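Trainee: from the sequence below, what's the structure:
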Amino acid sequence: MSDAADDFLVEAFFDSRTLIAVRFSAVGVPAASPALTLEGATFDSWTRNRGHDAAPPKARWANTLVVVAVGGILVSIVVGVVNSVRDDRANIAAREAAVRVVPTVQSPSETDVDGSTGWQAGALTLSEDLLPSAPDLRPYAVRILTDVPADAGFKGRVDGSWIRPSVAPADRQAFDRGMTLAESLKGLGASRDLAVILDLPGPQSVAAAAGLADFAPVVMTMDNIPHLRGVVKSHETLGALLYWRPRLMRRPAEPDRPVVFVLEGERLAPYANQQDVFDNRSTARLPSIEAFAKLGVKKVLYVRPEAGKTVEQDDLVDLFVGLEKAGVDVRHLGFTTIGSPPPESYVAAEAAASQPASQPSSRRSTSTYRSGLPYWWLYRYGWFGGARSGWTDPDASYRATQRGTTIGGRTFDGGASQRASVMSGLGPRSATSTGGTWGRGGSGVGS
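Mentor: The predicted model follows:
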């Protein structure tokens, strides 16, 4: 029905004191429109069957004309207004159908990394499966995202659920780099005084953690609730958790190993209060400065996606500055650097430092040096001994400094304030969900 038909007149016809007919006349509708009698339609039935279009709700006012019999003479009296709301069962059904449209992973897999369909049962125990075994690390594990399959009433693939494993080529590459990082740290004798913070796009953080899990305990900290129109594509991260779950469940054989904290790198994705976007952003939930001290952490290796772009995210500035003041050495590493060959300038500087000064420079060779320095990107920090030089790069020499941030001290809850309605919409039932944020503690979990 067009907007011209939104305003209407309601006419009632009485025979003495008995109502004999009601006519609804809409603007733009010919006067010859048939009257609706009490036998065929009531006011209630007319309003229920009136607007079966999908236009947005509108509130419009129209005069109500009542015609009554006074002394045998029909007299029309305007007695009030009727609120015309285009919000009927068809619109409700459309909204319910819309909330049943759930997220879709971009790189789905029918099996997990081991080629098994056991992930279907494992989805319901995901949180317990991924908890670190060390009691002192368990308080820092965040279960909000890993609890989603159980909260959403997941029943396995038989119900066609959107919950399923996911792995993209970039994730496989991240897994390989995670394994290289693990081998490097093991070869250099890294121990529990080192904490590794993975701050990569969610699925890649998960994949890199899977590559490290054999060597170091992993602590998941993601708390972004999945949503079809979420700012953060956390359903992709959940898919990665399901795919890499068997690897993530592995535990290091020795207790004195570095601890790995896994962040959702897209947790502060740009958002401008769009009405059609669900705000599931979050701030990092890492141990506090005091908690890091209790864990015995003296060094932090902060891993960001690209070499040369290692400035920490806004929600980590205060934490990193505070850690530095407390004597914890926080260094940054570009993820793309892991496993890469050293720059020629680095090779030349180290070769020069390792050769006797009396030897002519033209006779110095770097080929042996290159093959003997598999961990050059970790030697830069001076943490593990080995070869060092005066050569530095922006990643290894970067230090956090206090600065203004885009979040201005605010925290975001990952969509937890709408958790109940979102979970019912993602599961077998439907429910209307709306975006929103609420305050909670960010970086600095525990004490």
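Trainee: is it true that residue 144 touches residue 221?
Mentor: No. Counting by CB atoms under 8 Å, residue 221 is not a contact partner of residue 144; they are 9.4 Å apart. Every C-beta, even on glycine, is put in place using the N, C-alpha and C of the backbone.
Trainee: A strand includes residue 198, no?
Mentor: Yes. Using DSSP: H, G, I helix; E, B strand; the rest coil, the secondary structure at residue 198 is a strand.
Trainee: for beta bridges, what are the partners of it?
Mentor: On the basis of DSSP bridges, residue 198 is bridged to residue 262, residue 303.
Trainee: repeat for residue 194
Mentor: The partner list for residue 194 in beta bridges (DSSP bridges) reads residue 299.
Trainee: residue ranges with poor pLDDT in this structure?
Mentor: For the chain, the stretches with pLDDT under 70 are 1-101, 159, 353-373, 386-391, 427-447.
Trainee: tell me the domain ranges of it?
Mentor: 3-96, 115-343+393-426 (automatic domain parsing).
Trainee: how near is residue 270 to residue 231?
Mentor: 8 Å (CB to CB, to the nearest Å).
Trainee: could you check which of those two is surrounded by more residues?
Mentor: With other CB atoms under 10 Å as the criterion, residue 270 and residue 231 differ in neighbour count, and residue 231 comes out ahead with 24 against 8.
Trainee: just checking, the more buried one touches residue 282?
Mentor: No. Using CB under 8 Å as the test, residue 231 is too far from residue 282 to be in contact (9.8 Å).
Trainee: ok so residue 377 is a helix residue?
Mentor: Yes. When three-state DSSP is applied, residue 377 is found to be in a helix.
Trainee: might you report the residue contacts of it?
Mentor: Counting by CB atoms under 8 Å, 6 or more residues apart in numbering, residue 377 makes contact with 333, 337-338, 340, 342.
Trainee: residue 255 too?
Mentor: Residue 255 makes contact with 134, 192 under the criterion CB under 8 Å, 6+ apart.
Trainee: before we move on, what about the one 3 residues further on?
Mentor: Counting by CB under 8 Å, 6+ apart, residue 258 touches 185, 190-196, 216, 301.
Trainee: CA-only coordinates of stretch 204-219 in PDB, if you can.
Mentor: Output of stretch 204-219 as PDB, limited to C-alpha atoms (Å, rounded to 0.1, in the frame of the first residue of the first chain):
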ATOM      1  CA  GLN A 204      45.600 -16.100  12.100                       C
ATOM      2  CA  SER A 205      46.100 -15.600  15.900                       C
ATOM      3  CA  VAL A 206      44.500 -18.900  16.400                       C
ATOM      4  CA  ALA A 207      46.500 -20.700  13.700                       C
ATOM      5  CA  ALA A 208      49.800 -19.200  15.000                       C
ATOM      6  CA  ALA A 209      48.900 -20.300  18.500                       C
ATOM      7  CA  ALA A 210      48.200 -23.800  17.200                       C
ATOM      8  CA  GLY A 211      51.700 -23.900  15.800                       C
ATOM      9  CA  LEU A 212      53.100 -22.900  19.300                       C
ATOM     10  CA  ALA A 213      50.900 -25.200  21.400                       C
ATOM     11  CA  ASP A 214      53.300 -28.100  21.500                       C
ATOM     12  CA  PHE A 215      56.000 -25.900  22.900                       C
ATOM     13  CA  ALA A 216      54.200 -23.300  25.100                       C
ATOM     14  CA  PRO A 217      50.900 -23.100  27.000                       C
ATOM     15  CA  VAL A 218      48.200 -21.100  25.100                       C
ATOM     16  CA  VAL A 219      45.700 -18.800  26.800                       C
END
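Trainee: in the longest helix along the chain, what counts as buried?
Mentor: Under DSSP state H, the helix in the chain containing the largest number of residues is helix 169-187. Of the residues in helix 169-187, those with enough neighbours to count as buried (16 or more other CB atoms under 10 Å) are 171, 174-175, 177-186.
Trainee: rebuild those residues as JSON lines, extending it with distance to residue 401.
Mentor: What follows is those, written out as JSON lines (distance: CB to CB, whole Å):
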{"residue": "171", "distance to residue 401": "33"}
{"residue": "174", "distance to residue 401": "29"}
{"residue": "175", "distance to residue 401": "33"}
{"residue": "177", "distance to residue 401": "28"}
{"residue": "178", "distance to residue 401": "29"}
{"residue": "179", "distance to residue 401": "33"}
{"residue": "180", "distance to residue 401": "30"}
{"residue": "181", "distance to residue 401": "26"}
{"residue": "182", "distance to residue 401": "31"}
{"residue": "183", "distance to residue 401": "33"}
{"residue": "184", "distance to residue 401": "28"}
{"residue": "185", "distance to residue 401": "27"}
{"residue": "186", "distance to residue 401": "32"}
